[in-house]
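A.B. asks: just the structure for this:
(chains A, B, C and D)
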Number of protein chains: 4
Amino acid sequence: MATHRFRPDRYYSAIGTYDPVLRITDGDTVVTDTLDARGEDAGGATLASGGNPMTGPFFVEGAEPGDTLAVTIDRLTPSRASGWTRSPLATNVVDPAFVRELPASRLTYWDIDDTAGEVRLVDPPARLQRLVLPLAPMVGCFGVAPADGQAISTATSAEHGGNMDYRGFGPGTTAYFPVAVPGALFFLGDGHAAQGDGEIVGTGIETSFEMTFTVRLRKRWTIRWPRGEDAEHIFAVGNARPLDQALQHATTEMLRWLGEDYGMDAVAASHLLGQAVRYDIGNVFDPAYTVVCRLEKRWLA
Amino acid sequence: MATHRFRPDRYYSAIGTYDPVLRITDGDTVVTDTLDARGEDAGGATLASGGNPMTGPFFVEGAEPGDTLAVTIDRLTPSRASGWTRSPLATNVVDPAFVRELPASRLTYWDIDDTAGEVRLVDPPARLQRLVLPLAPMVGCFGVAPADGQAISTATSAEHGGNMDYRGFGPGTTAYFPVAVPGALFFLGDGHAAQGDGEIVGTGIETSFEMTFTVRLRKRWTIRWPRGEDAEHIFAVGNARPLDQALQHATTEMLRWLGEDYGMDAVAASHLLGQAVRYDIGNVFDPAYTVVCRLEKRWLA
Amino acid sequence: MATHRFRPDRYYSAIGTYDPVLRITDGDTVVTDTLDARGEDAGGATLASGGNPMTGPFFVEGAEPGDTLAVTIDRLTPSRASGWTRSPLATNVVDPAFVRELPASRLTYWDIDDTAGEVRLVDPPARLQRLVLPLAPMVGCFGVAPADGQAISTATSAEHGGNMDYRGFGPGTTAYFPVAVPGALFFLGDGHAAQGDGEIVGTGIETSFEMTFTVRLRKRWTIRWPRGEDAEHIFAVGNARPLDQALQHATTEMLRWLGEDYGMDAVAASHLLGQAVRYDIGNVFDPAYTVVCRLEKRWLA
Amino acid sequence: MATHRFRPDRYYSAIGTYDPVLRITDGDTVVTDTLDARGEDAGGATLASGGNPMTGPFFVEGAEPGDTLAVTIDRLTPSRASGWTRSPLATNVVDPAFVRELPASRLTYWDIDDTAGEVRLVDPPARLQRLVLPLAPMVGCFGVAPADGQAISTATSAEHGGNMDYRGFGPGTTAYFPVAVPGALFFLGDGHAAQGDGEIVGTGIETSFEMTFTVRLRKRWTIRWPRGEDAEHIFAVGNARPLDQALQHATTEMLRWLGEDYGMDAVAASHLLGQAVRYDIGNVFDPAYTVVCRLEKRWLA
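C.D. replies: Have a look, this model is predicted:
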């Protein structure tokens, strides 16, 4: 149950089977640093090229295919007072004929006030002079090395996790990933100070972070897609295009969970989900979209 | 500003240009009765065949193409103490290979306690013995006659509204529909005592209702897709398959709204939506799926 | 087995249950006129507003729900020497980010030489000075009245047929439609002098036609989606979005056909389709896309 | 312009940056062996695990990012007289509710007669006793190493090529791949003795092959998606889900090609494609589907 302070000196833009940077054990906590989505650190230095450079991989002793790695997000602290977003909306989230109405893409900067828990535009347009949004930090991209020698770009996501851009992955949430290689090989990065559903401008408020997480190993608890839970909900994640398929993956994974761990057959699970399920859209921007199938824990009591 | 008590004697399973059953005026309130999705009334008598039989159409004096009809849902009172759902999950919301795991479709009954504001299964499976869900009534299908002589099945939805099955259409919400024919010709029905996101068992808790609504006419306020608002949010609705396209419609409609009524150009709207938008999935069961693009009013102050 | 020369005096922009313009009998042939997609006749006069105005409906004596109407396209003769198309490509058939590269939509005219069997641009750009394409006439939109009082816009397609824009619907082909109302109520129009796969500029070469067709009634042969055949192939048609779903409908309909009429169980049909099926994309422009599942008759001998 | 006879001793189930097995030069021809999709060689020995094991990678001297690798498929000779398929149809190509009608998956064997150019079922069901299909060999999976350290599973496809399962990739066709890493690193395998459109049973007739191909390097000819040509056509390939997006990629790539190499602006290209384009569905089974946008060369003269 050690706490490690790990300072990365290299970063990956694909999640795959690389030499681990640190070996940790079930129950350990890691405090580490992540770059922003374009490779800048707390001081504004560019330390990596490519999108969403990852810190890691962390090798978890004893993790083997068929196990699940539980990662609790303990704390997400922006390591600088500035973040950036893009505008306008992504071309794929508006009607095709409306794309011509969208101006060219450009960067915009935001002030991040970690003490006040607020973010605001540095140079707001007239109509947004008084806009102050709550700081709501989240991990945009994290996951474990996939099977079969794959190395999956951090632009996208799949069964192993990856660039899911789901605002539910914030402090207090535990994420579950299906271990596919010995040691699990966990990566993380791409922190956002805030983000709307869908990441529809192609970014959250991108910045560097100090991230603290704790790993636990759930031996022989086999999952197919990432899952998660917080104080009030359990949820399952599907990553694919179109959204319909992501929703199918997430819903099927939730059915398996309710069946295996909560004793509900397909009929009982249908009664509950049919009238109580909630769906969230993680991102609708990346090559694979993300849909989350979520259920309140109080219905499971 | 009259209040009408209208008792229907015929029902439609398509939304089109039919003879109006009642002529009403801007500001009028109507109290009326709706059948459940298979045509049963408060006493359990089957009064219509076909899915989602509609009460209406109501002719709104002065409504013309280019106007918008605002319909405030004042009250939704279940008119009987029993509702029904289907199980298992719809075949299109699970992974195709998982369909074989689903048992055959069957009906299930729920008790509806309007006084306590609760619903519960009549004959719950063991694992759901203590499940009590909040009564959360909503209108599953409503809208106005479409243009060009179309009569659109109440199984589906489009620009005119229709079978959107969005749980946000509950008491206190005002829905906006684009008027396409003189008098607007408003229909409503298909009430649900409760429903999860997506209507993924193909039903909410289906029952008959007494519904009270108030119409207002917004002359020359031209919208392309249904919109809505409640005390805390404004939202725009897209109806299409796949979910991706429904989301494009809803997002584009929201951009138009922010531009035309809130003075935001595409860049300002992108800053706000990018970090603050919420998406809801209305239904992912009907021929056209429904996605809602929602924004808190406090960001518009 | 009469031949009727029918001259229309009204047109519909939705396919629904309207008063028939002519009553015909199993085996009858009809020679009639169709307007182009924007309502112009052989002389260039605009006789109808709205897209794809239909000639019809023709009432087929004895046709009842559960039957199938077989319509053989005997002859398609352009009734004027000029047709039109649109450019550029539709915004929905290119990558969203590429839409900005497309210029504004405009009309272009083509000469139609029915004798030579050729079409060519009236005012070709430099690079297409010598482009001569074969005249390949087809019916863009035809079908029968749908069930439940629906009237479906001729902009789109569904189980009843409609705006499928499939170039396989040319002379010599027999189309099959599922009868949903007494008399079938058959409509046709929207002829194209030529069209590429997908109708990706949103038009074929649109012109008015004299169309000759022969109807036959197949009593108690129940189909769910349009089918067709020519000398060498049988095919089944699915209309939906996305293309994936249209393909599912078409493939499922072909499986039913092989099972019911050719004695193949799912395994035999899979062996044959798996190694011999062909898919065509009818249109990828209209609200519902069209995919055709096609099989050579020689494999069925 | 050497000819190499290369005998592989290892295989990859991901396409990535691995040590090359052979260094070749612009104009060289390679004769090599490929395993079938489950790793069996000409003698039926299982030499690799995992799906679609690849022979390669071949390092092409001088190839650099921004170049294109042209691979002409000279000859595809089945190296054994037996192949296999699966039945029934894949669950994702039929209507979701129809999945329950499909029996469990099983293997079926086919005789391959290379001399006669025919394939037939070893143990045909009654209805297919006389079915003889033409031998039509093709490469199911081939491509070049992707950028950014990715290693992409041979189950799927992307900009780099991969598991496209397009029957147009047969003898006489030249495929073009965008070089993303020094040396291109070309892989190939997964030969099919025949295959219908869409690979809808999840396999072609899978067997081991001796494959002969010739590489040419097109310096500074930059493409984004695989392209190809044969004697009569040029074509562009898009790999994605849903089919709609694959079609967008393929169509956009064709527009670029017509613009850059054939001097057609978007309007001229639209006139030609609009009335003359053909679309093929490569596969509709793998994680990414494949759509091909094809044009006859005679229209480009």
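A.B. asks: quick check: residue A:78 touching residue A:208?
C.D. replies: Yes: at 7.2 Å, residue A:78 and residue A:208 qualify as touching, with contact defined as Cβ atoms under 8 Å. Where you see a C-beta, it was placed from the backbone N, CA and C, and this is true even at glycine.
A.B. asks: who has more neighbours out of the two?
C.D. replies: residue A:208 (26 against 23; other Cβ atoms under 10 Å in any protein chain shown).
A.B. asks: show me what contacts the more buried one?
C.D. replies: A:33, A:34, A:35, A:36, A:40, A:41, A:42, A:78, A:79, A:80, A:191 (Cβ atoms under 8 Å, 6 or more residues apart in numbering or on different chains).
A.B. asks: could those be laid out in CSV, adding pLDDT and secondary structure?
C.D. replies: Listed next are the contacts of residue A:208 as CSV, based on pLDDT from 0 to 100; DSSP: H, G, I helix; E, B strand; the rest coil:
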residue, pLDDT, secondary structure
A:33, 98, strand
A:34, 98, strand
A:35, 98, coil
A:36, 98, coil
A:40, 98, strand
A:41, 98, coil
A:42, 98, coil
A:78, 98, strand
A:79, 98, coil
A:80, 98, coil
A:191, 98, strand
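A.B. asks: distance to chain D for the residues you listed - can I get that in CSV?
C.D. replies: As requested, the contacts of residue A:208 are exported to CSV (distance: Cβ to the nearest Cβ, whole Å):
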residue, distance to chain D
A:33, 21
A:34, 18
A:35, 15
A:36, 17
A:40, 18
A:41, 20
A:42, 24
A:78, 26
A:79, 25
A:80, 26
A:191, 20
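A.B. asks: from those residues, which is closest to chain C?
C.D. replies: Of all the contacts of residue A:208, residue A:36 has the smallest distance to chain C: 23.0 Å, by Cβ to the nearest Cβ.
A.B. asks: now the phi/psi pair for that closest one, please.
C.D. replies: Main-chain dihedrals, residue A:36, degrees, to the nearest 10: phi -80, psi -180.
A.B. asks: shouldn't it be in contact with residue A:206?
C.D. replies: Yes: if you go by Cβ under 8 Å, residue A:36 and residue A:206 touch, sitting 4.7 Å apart.
A.B. asks: between those two, which one's more packed in?
C.D. replies: Set residue A:36 next to residue A:206 and count neighbours by other Cβ under 10 Å: residue A:36 wins out with 31 against 25.
A.B. asks: could you pull out the strands for the stretch 101-250 of chain A?
C.D. replies: Taking DSSP state E, counting those that start in this stretch, the strands of the stretch 101-250 of chain A run over residues A:106-113, A:118-121, A:133-134, A:138-144, A:152-153, A:157-158, A:161-163, A:174-178, A:186-192, A:209-218, A:227-229, A:233-240.
A.B. asks: contacting residues around residue A:258?
C.D. replies: Residue A:258 sits next to A:264, A:268, A:269, A:272, A:273 when contact means Cβ under 8 Å, 6+ apart.
A.B. asks: next: residue A:171.
C.D. replies: Listed by Cβ under 8 Å, 6+ apart, the contact set of residue A:171 reads A:73, A:74, A:75, A:76, A:137.
A.B. asks: checking my notes, residue A:269 in a strand, right?
C.D. replies: No: secondary structure assignment places residue A:269 outside any strand; it is helix (DSSP: H, G, I helix; E, B strand; the rest coil).
A.B. asks: and the gap between the spatially closest residue to it that is not a sequence neighbour and residue A:277?
C.D. replies: Residue nearest to residue A:269 in three dimensions, not counting chain neighbours: residue A:258, with 4.3 Å by Cβ to Cβ, 6 or more residues apart in numbering or on different chains. According to Cβ to Cβ, to the nearest Å, residue A:258 stands 11 Å off from residue A:277.
A.B. asks: returning to that earlier point: next, format the contacts of residue A:208 as CSV and append distance to residue A:3.
C.D. replies: Formatted as CSV, the contacts of residue A:208 follow (distance: Cβ to Cβ, whole Å):
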residue, distance to residue A:3
A:33, 15
A:34, 17
A:35, 22
A:36, 25
A:40, 26
A:41, 22
A:42, 20
A:78, 21
A:79, 18
A:80, 23
A:191, 20
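A.B. asks: these, buried ones only, as a PyMOL selection?
C.D. replies: Buried subset of the contacts of residue A:208, written as a PyMOL selection, criterion 16 or more other Cβ atoms under 10 Å in any protein chain shown:
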select buried, chain A and resi 33+34+35+36+40+41+42+78+79+80+191
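A.B. asks: quickly check: stretch A:77-97 near chain B or not.
C.D. replies: Yes: on the criterion Cβ under 8 Å from any Cβ of the partner chain, stretch A:77-97 is in touch with chain B at A:85, A:86, A:87, A:88, A:89, A:92, A:93, A:94, A:95, A:96.
A.B. asks: distance of the last one from residue C:89?
C.D. replies: Counting by Cβ to Cβ, the gap between residue A:96 and residue C:89 amounts to 11 Å.
A.B. asks: next one: the biggest helix by length in chain A to chain centre, how far?
C.D. replies: What stands out as the longest helix in chain A, according to DSSP state H, is helix A:243-262. Centre-to-centre, helix A:243-262 and its host chain are 18 Å apart (Cα atoms, centre = their mean, to the nearest Å).
A.B. asks: cool, and stretch A:83-93?
C.D. replies: Distance of stretch A:83-93 from its chain centroid, counting by Cα atoms, centre = their mean, is 18 Å.
A.B. asks: and chain A, which residues reach chain C?
C.D. replies: Neighbours of chain C within chain A, by Cβ under 8 Å from any Cβ: A:90, A:91, A:92, A:96, A:97, A:99, A:100, A:102, A:242.
A.B. asks: so for chain A, the centremost residue is which one?
C.D. replies: For chain A, residue A:140 is the residue whose C-alpha lies nearest the centre (Cα atoms, centre = their mean; 3.8 Å).
A.B. asks: so who does the closest residue to that one other than its chain neighbours touch?
C.D. replies: Sequence neighbours aside, residue A:190 is the residue nearest to residue A:140 in space, at 3.4 Å (criterion: Cβ to Cβ, 6+ apart). Counting by Cβ under 8 Å, 6+ apart, residue A:190 makes contact with A:34, A:36-37, A:52, A:54, A:139-142, A:154, A:163, A:165, A:206.
A.B. asks: coming back round to it: chain D: which of the contacts of residue A:258 is nearest?
C.D. replies: For the contacts of residue A:258, the minimum distance to chain D (Cβ to the nearest Cβ) is 16.8 Å, reached by residue A:273.
A.B. asks: where does the closest one land on pLDDT?
C.D. replies: The model reports residue A:273 with a pLDDT of 98.
A.B. asks: now residue A:217
C.D. replies: pLDDT for residue A:217: 98.
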